[in-house]
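Novice: need a 3D model of the sequence below.
(3 chains)
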Amino acid sequence: MSVNIIKLKIDGVEVTVPEGTAILKAAKDSGIIIPTLCNLEGLTAYGGCRLCLVEVSGTPKLFPACSTPVGPNMEITTQSDKLKEYRKMAVQMLLAERTHICSVCVADDHCELQAMANQLGVDHVMFERNWSQDEIDSTHDFLVIDRNRCILCTRCIRVCDQIEGVHTLDLKLRGKDSQVIMDLDEHWGNSCSCTSCRKCAKVCPVGAIYIEGEPIEHTKKRDIAEFIVERRNRR
Amino acid sequence: MEKDDKQRIMLEKVLKEHNYQESALLEILHRAQEIYGYLDKDLMMDISGSLNLPPSHVYGVVTFYSFFKLRKSGEHVVTGCLGTACYVRGVEQIMEAIEQEFKLKRGGSTADGKLSLLLTRCIGACAMAPNIVVDDEVIGKATKEVVTQKIREVLGGVKAET
Amino acid sequence: MEKECKVARTGCIGTCSVGPAVLVEPGDYLYQSVTPDKVREIVRDHIVLGLPVKDMLYKNEAYFQKQHRLVLRNAGKIDPSRIQDYISAGGYSALAKCLATMTPQGVIYEVVTSGLRGRGGAGFPTGQKWSLVARSHNTPKYIVANLDEGDPGVFANRTLAEADPHAIIEGMLIAAYAIGAEKGYIYIRSEYPLAIQTLQKAIAQAKAMSLLGEKILETSFKFDLELRFGAGAFVAGEETAILASVEGRRAMPRPRPPYPANSGLWQKPTLIQNVETLANIPLIVQNGGHWFSKTGTPKCTGTKCFSLTGKISNPGLIEVPMGITLREVVFDIGGGVPDGKKFKAVLVGGPSGGCLPETLLEIPIDYDSLTKVGAIMGSGGIVVIDEDSCMVDTARFFTEFCVDESCGKCTPCRAGLARLKEVFDKITHGQGEMSDIATLEKSGVYIRDASLCGLGQTAPNPVITTLRYFKDEYVKHIVEKQCVAGKCFKTRDEEELE
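Specialist: Model (predicted):
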């Protein structure tokens, strides 16, 4: 099957990519990094965090770069005052949603949400912050989940289903009450299907899932990203 | 025990009707809830196994939709319609009156399990707002007097029978 | 007597506030608030003696005069449980016409000419949608009829299904023929037991008369139809969420593209259409697209059903030509606000619609005019609000609704709306600050622009419009700690008492 190679412009730079490539990937291949929290190459696009929204000329709508395919002659803007404002807003909403205190977090300094806030210059949160107090589940031998730090990006759920292939994890409830669960909302230690493969901890962008006793920089080493992409390509 | 077996046979029939297809999960959950009254973990595990779906998927679906119940509801169920028309026409005051008189909170049941108070977002009878459903009877243009009286009646009725 | 007179059950006539209603024909005599005793009087005087019982007749003539009933053509006229009634009213002749004399392209051409736009809310041109699905080479193709009327305060689709189920089925059959689909689903709310029953019966009857299944009307055309039940999720009415739900998953929307026309149910081309849109189709085929386009406005043809509720004298289900003004709907048909109270606002478009003040009542009802003032057509909910309601509390109520119904997938809708609701709670509890207004405005616009699906994109509408048209009430709440409707701070005292 031959794929059409098309030309388009991203931030004024002409780019040549196969038709159907996601904007995020097309931009990355030409050195333009669009911020994202829920996307992870190799896993299906989710479109949830809304940080990767970009402008496409000719329409007032904003498009998630992770899931929108490029089209011929598209003109895409990935940086603008409005987009920056909106990205800051998304980060503030995430920070206000649950309990995010960097200084006591296991992922301090290795947290994508923290890095994003710094990168975007989020110096205050315009909303009253919510301090959720969900019980930390440390019943598993070494995997721990602290849902108070979860940003519901579902990377863990997708990696568990799409790469490990067991689908131990999923979401329960909906809206602001959504939570990542194991099996029938069991404690992790009681999960029958979990293979303890650790991928969920490795892909977690924040400190919600981590490995007890393992240095965080080891857990969050980027080798998992390469592994996922390689597995995905092989399929 | 006998009753359980009968329920399981009915569920098996439903599963067969739908060819054990995963896409029929919602239909099967609807029917399972009709058969068992609510969906507990054993039942969800059973369905998950029968349809070859991950347990967390089934649990996620059940809890996403507000129609599915994880717990047994009271013998009598009062449902307040919290649709726009009912809200504008004061259903809130009726709900508060019910909560006070029968000592329960919305979404919960009385301590003796006789009465549950639920909420729904619109039953589509907006022109008759506010609406309260007591067991299966819709009370349109409801007032707190009429509704509390009706609830007293259904509760009293049970006592008279037993 | 039995030979001269027939007693029949029929679907909703629309005058819900004065039910139970009895219609005596010939002559369209509509009796209101009928009781068993009153029936005796009607039979004795009207049927036997031929003297209508004047003081029991429905008096509000304007209620029907300004209406134009296309979709609800059979509501109140036929017995919905009898397919024979539908056929004798001309039903299924449009399907026969398609199968006998028209090509699928010809059918699509008529729908394009009609100018019909989707009645589910967004107003996408129906003909264009059909061409997209028809053009796709991937098979099989599917149709999903959306009867997940989740908007609180809206019951047009329920009434349609209960009064004229075959109009929906015929519309689906014609659409299936036009786009080349062989399988369809009607996704219906489980909160509508009577509508479900009526449709189940109608489908069985249509199957028995080979209007569904193989070899429809002795042609090679085949189409199979199944009901799918919702389970209490407002978001399931969204185009991509309904697909997830029909497939048996959590009703979470996904980004588009890919559009369902190319990749819908099980990644196959899928046409998703509101049932009200579908009920228009037989008329368009029968009378031609050009005939249809003469009703309504040039850009917005045909009629729209509205559920008229709230503080209004004649609540009920109405069908009016597009382009009619809000004032005509609220005051002429609806009879204005009862009990001598003062009109304050009208909410157009359901929980994510806009709250419009009296000064905007002259705008015509069409997709574009409504969008311009911050409201939406939505699924056709019109709720009238009088002086007893507080606009801040109203906006809070709708925000709370959307918080409860958000699927939780995207940040703005999940995390943002919940924050908005907290700001509202602050204001209605007397702890508001002036900076809260800016927070509401700023995040409202962000949530509108950045959310993944229609729910999040429209959820801030009540917030944005009440801020635009009723800002003084917000200021009063914040500065003077006063609620003009006396609603807000009182509840706080009560809470403290408890």
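Novice: low-scoring stretches of the chain, by residue?
Specialist: Defaulting to chain A. Residue ranges of chain A with pLDDT under 70: A:1-2, A:235.
Novice: you answered for a different chain; I wanted chain B.
Specialist: B:1-3, B:157-162.
Novice: and it, which residues reach chain A?
Specialist: B:41, B:44-45, B:48, B:54-60, B:63-64 (CB under 8 Å from any CB of the partner chain). Using the backbone N, CA and C atoms, a C-beta is placed for each residue, glycine as well.
Novice: recalculate using a threshold of 10 Å.
Specialist: Within chain B, the positions near chain A by CB under 10 Å from any CB of the partner chain are B:40-42, B:44-45, B:48, B:53-66, B:70.
Novice: show the buried residues in those residues.
Specialist: B:41, B:44-45, B:48, B:53-66 (16 or more other CB atoms under 10 Å in any protein chain shown).
Novice: out of those residues, who's near chain C?
Specialist: Counting by CB under 10 Å from any CB, B:53, B:57-58, B:60-66 from those sit close to chain C.
Novice: so where do the strands sit in chain C?
Specialist: Remark: strands assigned in chain C by DSSP state E are C:22-24, C:29-31, C:142-147, C:183-188, C:224-229, C:270-274, C:296-297, C:300-301, C:303-310, C:316-321, C:343-348, C:354-357, C:381-386.
Novice: how about the contacts made by residue C:226?
Specialist: By CB atoms under 10 Å, 6 or more residues apart in numbering or on different chains, residue C:226 lies in contact with B:24, B:27, C:183-187, C:203, C:246.
Novice: from chain B, how far off is the most centrally placed residue in chain A?
Specialist: By CA atoms, centre = their mean, the mean C-alpha position of chain A lies nearest to residue A:38, the distance being 1.9 Å. Residue A:38 sits 17 Å away from chain B, going by CB to the nearest CB, to the nearest Å.
Novice: tell me the phi and psi of that residue?
Specialist: Per-residue torsions, residue A:38: phi -90, psi -20 (degrees, to the nearest 10).
Novice: same deal with residue B:134?
Specialist: Here residue B:134 shows phi and psi, under degrees, to the nearest 10, equal to phi -110, psi 120.
Novice: isn't it up against residue B:140?
Specialist: No. Contact between residue B:134 and residue B:140 fails when scored by CB atoms under 10 Å: they sit 11.8 Å apart.
Novice: OK, contacts around the residue in the stretch 351-498 of chain C positioned nearest to chain B?
Specialist: Closest to chain B within the stretch 351-498 of chain C is residue C:383: 5.0 Å, counting by CB to the nearest CB. Residue C:383 makes contacts with B:83-85, B:87-89, B:126, B:129, C:152-154, C:307-312, C:315, C:345-351, C:353, C:355, C:389, C:394, as judged by CB under 10 Å, 6+ apart.
Novice: ditto for residue C:334
Specialist: Per CB under 10 Å, 6+ apart, neighbours of residue C:334: C:60, C:62-63, C:306, C:308-316, C:318, C:326-328, C:346, C:382, C:384.
Novice: again, only using 7 Å
Specialist: C:308, C:312-314, C:384 (CB atoms under 7 Å, 6 or more residues apart in numbering or on different chains).
Novice: name the member of these with the most neighbours.
Specialist: residue C:308 (31 neighbours; other CB atoms under 10 Å in any protein chain shown).
Novice: could you check how far that one is from chain A?
Specialist: 30 Å.
Novice: list the beta-bridge partners for that residue.
Specialist: With DSSP bridges as the criterion, residue C:308 is bridged to residue C:316, residue C:382.
Novice: got a pLDDT number for it?
Specialist: Note on residue C:308: pLDDT of 92.
Novice: cool, residue C:40 as well?
Specialist: pLDDT at residue C:40 comes out at 89.
Novice: burial count for it?
Specialist: With other CB under 10 Å as criterion, residue C:40 counts 10.
Novice: in stretch C:482-491, what's buried?
Specialist: When burial is assessed from 16+ other CB under 10 Å, stretch C:482-491 yields the following buried residues: C:483-485, C:487-488.
Novice: that one close to chain B?
Specialist: No. Against chain B, stretch C:482-491 shows no contacts by CB under 7 Å from any CB of the partner chain, the least distance being 8.8 Å.
Novice: what does that stretch contact?
Specialist: Counting by CB under 7 Å, 6+ apart, C:387-390, C:392-393, C:428, C:430, C:473, C:476-477, C:481 sit against stretch C:482-491.
Novice: show me which pair in the residues you listed is furthest apart.
Specialist: Spanning the widest gap among the contacts of stretch C:482-491 are C:387 and C:430, at 21.1 Å by CB to CB.
Novice: mind naming the longest helix for chain A?
Specialist: Secondary structure of chain A per DSSP state H: the longest helix is helix A:81-97.
Novice: can you tell me if it touches chain C.
Specialist: Yes. Against chain C, helix A:81-97 shows contacts by CB under 7 Å from any CB at A:86, A:89-90, A:93-94, A:96-97.
Novice: which bits of chain C sit near chain A?
Specialist: Residues of chain C lying near chain A (CB under 7 Å from any CB): C:254-255, C:257, C:403-404, C:406-412, C:414-416, C:418-419, C:422, C:439, C:443, C:446, C:449-450, C:452.
Novice: show the buried residues in those.
Specialist: C:254-255, C:403-404, C:406-412, C:414-416, C:418-419, C:422, C:439, C:443, C:446, C:449-450, C:452.
Novice: OK, contacts around the residue positioned nearest the centre of chain C?
Specialist: By CA atoms, centre = their mean, chain C has its centre lying nearest to residue C:379, at 3.6 Å. Taking CB under 7 Å, 6+ apart, we find residue C:379 in contact with C:120-121, C:149, C:151, C:154, C:350.
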